[in-house]
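**Q** sequence isn't available, so here's the structure alone:
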Ligand SMILES: O=C(O)CCC(=O)C(=O)O
């Protein structure tokens with residue numbers, strides 16, 4: 001499909017943004033964050049990133065021989081030490097932003113962006129992860145991927161070639177070369193919040209417009225797809241469908257690119273970051289119900305409970321009754 005003539009532009013018109021994301025898999029919200037918020041978030045992110053580096057707790061990826069996603073060494077052993085500058089990492093990830101500043105928590109409730117997320121995910125959804133990616137000079141392009149790679153594709157009536165628990169980033173249940181007659185729904189939405197200007201040179205996220213509707217991985221596509229770079233001034237939010245093929249761009253500039261990524265998923269799915277364990281107790285004690293719901297503390301149709309399916313919320317200190325006898 002050739003989209004060149006009518007690709008989405010930055011807009012503050014929400015009807016346009018919803019139409020853009022439906023048709024192209026992404027939209028760009030103009031001035032989603034005002035300059036005061038951008039400034040505060042950037043300041044907090046830089047402090048946090050510097051401290052994580054200083055304490056040897058930084059996670060660094062995106063180097064020429066070192067890509068994010070190689071979680072194990074092939075024998076099932078985690079490769080934590082692979083994500084350091086010493087091992088070739090260039091970009092810096094800062095995870096679990098929900099714990100790392102009020103400004104980050106406030107950003108989650110930006111009304112214009114949430115209206116588009118609501119449009120795709122509906123009444124109830126969870127925060128799946130909330131991180132920053134500081135794409136640094138020398139960082140290479142990330143492999144194209146979708147953010148719902150774990151979502152099984154629709155199948156033919158014969159048994160599925162790959163059971164759900166065996167799906168990996170590299171191995172889907174899609175049969176051979178055949179495109180499925182139907183595609184999986186959008187079950188996850190990502191927001192890239194630009195904290196400085198994004199360009200093709202400084203690693204603006206690369207993506208294939210319209211790829212959210214193809215239902216197959218890039219290596220099965222026809223022709224040579226050109227990726228585009230997400231570009232926009234600081235404060236722009238790029239919202240994209242979880243099925244859109246995308247990845248960090250190569251940073252060939254001399255400056256860092258600062259972006260926050262907040263991913264939301266349907267309440268049926270397992271979030272990428274485990275907020276029910278990892279969210280800090282001090283922030284939960286006065287968190288509003290809307291934040292508790294996003295973090296997975298709100299019971300959904302009886303799921304996520306400890307004991308009673310009719311309770312509204314769970315808390316970190318709730319315990320099961322355990323073995324009882326009379
Ligand atoms: O940093 C970016 O531009 C995108 C990052 C991304 O796609 C990811 O972390 O999965």
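**A** Sure, I can see it. These numbers come from a predicted model, not from an experiment.

**Q** would you mind giving me the confidence score for residue 283?
**A** As predicted, residue 283 sits at a pLDDT of 95.

**Q** neighbours of it, just the number please.
**A** 15 (other CB atoms under 10 Å). (C-beta placed from N, C-alpha, C; glycine too.)

**Q** right, and the helix or strand after the helix or strand where it lies?
**A** Using DSSP states H and E, residue 283 sits in helix 281-284. Going down the chain from helix 281-284, the next helix or strand is helix 289-294, by DSSP H and E.

**Q** quick check: the residue in the stretch 51-200 of the chain positioned nearest to the ligand vs residue 259, distance?
**A** Of all residues in the stretch 51-200 of the chain, residue 133 sits closest to the ligand, at 3.7 Å by CB to the nearest ligand atom. Using CB to CB, to the nearest Å, one obtains 5 Å as the distance from residue 133 to residue 259.

**Q** equivalent analysis for residue 282, please.
**A** According to CB to CB, residue 282 stands 27 Å off from residue 259.

**Q** how about residue 203?
**A** 9 Å.

**Q** mind checking the longest helix of this protein?
**A** helix 35-54 (DSSP state H).

**Q** quick one: mean pLDDT over stretch 252-267.
**A** 98.

**Q** just the terminal-to-terminal distance for that stretch.
**A** 39 Å (CA to CA, to the nearest Å).

**Q** repeat that for stretch 103-118.
**A** 22 Å.

**Q** now stretch 157-172
**A** Using CA to CA, the end-to-end distance of stretch 157-172 comes to 17 Å.

**Q** thinking again about what came up before, who has more neighbours out of residue 282 and residue 259?
**A** A direct count of neighbours by other CB under 10 Å for residue 282 and residue 259 places residue 259 higher, at 25 against 9.

**Q** name the element the more buried one belongs to?
**A** Judged by DSSP H and E, residue 259 forms part of strand 257-265.

**Q** by contact count, what packs against that strand?
**A** With contacts defined as 3 or more CB pairs under 8 Å, 6 or more residues apart in numbering; DSSP states H and E, strand 257-265 has these neighbours: helix 35-54, helix 102-107, helix 111-121, strand 126-135, strand 188-194.

**Q** try 10 Å
**A** helix 35-54, strand 91-94, helix 102-107, helix 111-121, strand 126-135, strand 188-194, strand 237-241 (3 or more CB pairs under 10 Å, 6 or more residues apart in numbering; DSSP states H and E).

**Q** partner strands of the second one, parallel or antiparallel?
**A** Right, the one you point to is strand 91-94. The pairing partners recorded for strand 91-94 under DSSP bridges are strand 59-61 (antiparallel), strand 126-135 (antiparallel).

**Q** does the ligand have contacts with that strand?
**A** No - Strand 91-94 lies out of reach of the ligand by CB under 6 Å from any ligand atom, never closer than 7.5 Å.

**Q** and the nearest residue to residue 148 once chain neighbours are set aside, what does it touch?
**A** The shortest distance from residue 148 to any non-neighbouring residue, by CB to CB, 6 or more residues apart in numbering, is to residue 242 (3.8 Å). Residues near residue 242 by CB atoms under 10 Å, 6 or more residues apart in numbering: 25, 120-121, 128, 146-149, 151, 184-190, 212, 263-266, 269.

**Q** what's the answer for residue 63, then?
**A** The neighbourhood of residue 63, defined by CB under 10 Å, 6+ apart, consists of 82-85, 87-91, 136, 138-140.

**Q** once you drop chain neighbours, what's closest to it?
**A** residue 88 (3.8 Å).

**Q** can you report how many residues lie near the one you found?
**A** Other residues lying near residue 88 total 16 when counted by other CB under 10 Å.

**Q** check contacts around it.
**A** Residue 88 touches 60, 61, 62, 63, 64, 65, 66, 67, 82, counting by CB under 10 Å, 6+ apart.

**Q** these: which two are farthest apart?
**A** 64 and 82 (13.8 Å; CB to CB).

**Q** neighbour count: those two, which is higher?
**A** More crowded of residue 64 and residue 82, by other CB under 10 Å: residue 82, with 20 against 11.

**Q** and this structure, which residues reach the ligand?
**A** That would be 133, 135, 142, 205, 246, 247, 248, 259, 261, which are the residues of the chain within reach of the ligand (CB under 6 Å from any ligand atom).

**Q** what do you get if the cut-off is 5 Å, keeping everything else the same?
**A** Residues of the chain lying close to the ligand (CB under 5 Å from any ligand atom) are 133, 205, 248.

**Q** most neighbours of all these, which one?
**A** That'd be residue 205 among these, by other CB under 10 Å, with 27 neighbours.

**Q** name the nearest residue to it, sequence neighbours excluded.
**A** Going by CB to CB, 6+ apart, residue 205 has residue 230 as its nearest residue, at 4.2 Å.

**Q** give me the domain ranges for the chain.
**A** 12-61+90-154+163-270, 274-316 (automatic domain parsing).

**Q** highest mean neighbour count out of the ones you listed?
**A** domain 12-61+90-154+163-270 (a mean of 19; mean count of other CB atoms under 10 Å).
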